[in-house]
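Colleague: no letters, just coordinates:
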């Protein structure tokens, strides 16, 4: 996603969407439409969960950053019991 594209919410920009959520281990698979790196603050738009990216994986390999088009796995922190992250849910990054 580039600077010209509209922001989803003030102070946030879309960087991807959830392609799958593994609720038993609280891991989301994301398809990225923007760059993401460790230390970035993200928000799952529908669930309202905010967290700082502490680790991510591509094909079960730990990476420090990911780019547009990458499919990554990320541990979702702060998921309440029974709470779900939905497929297609937008993932936003603080700007």
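Modeller: Right, received. Where do you want to start? Quick caveat: nothing in here was measured; it's all calculated off a predicted structure.

Colleague: now do the buried residues in the top strand by length along the chain.
Modeller: Longest strand in the chain, counting residues (DSSP state E): strand 12-22. For strand 12-22, the neighbour count (16 or more other Cβ atoms under 10 Å) marks 12-18, 21 as buried. Backbone N, C-alpha and C define where each C-beta goes, glycine included.

Colleague: cool, stretch 85-95 as well?
Modeller: 85, 89-93.

Colleague: name the next helix or strand downstream of the longest strand of the chain, please.
Modeller: strand 27-32 (DSSP states H and E).

Colleague: where does pLDDT dip in this structure?
Modeller: 1-8 (pLDDT under 70).

Colleague: strands of that one, start to end?
Modeller: Going by DSSP E, the chain shows strands at 12-22, 27-32, 36-37, 41-44, 49-52, 56-58, 61-63, 65-66, 71-75, 90-94.

Colleague: what lies in contact with the second one?
Modeller: Contact partners of strand 27-32, identified using Cβ atoms under 8 Å, 6 or more residues apart in numbering, comprise 15-22, 44, 66-76, 85, 91.

Colleague: pull out the buried residues from that strand.
Modeller: 27-30, 32.

Colleague: so how far is it off the chain centroid?
Modeller: Remark: strand 27-32 is offset 6 Å from the chain centroid, using Cα atoms, centre = their mean, to the nearest Å.
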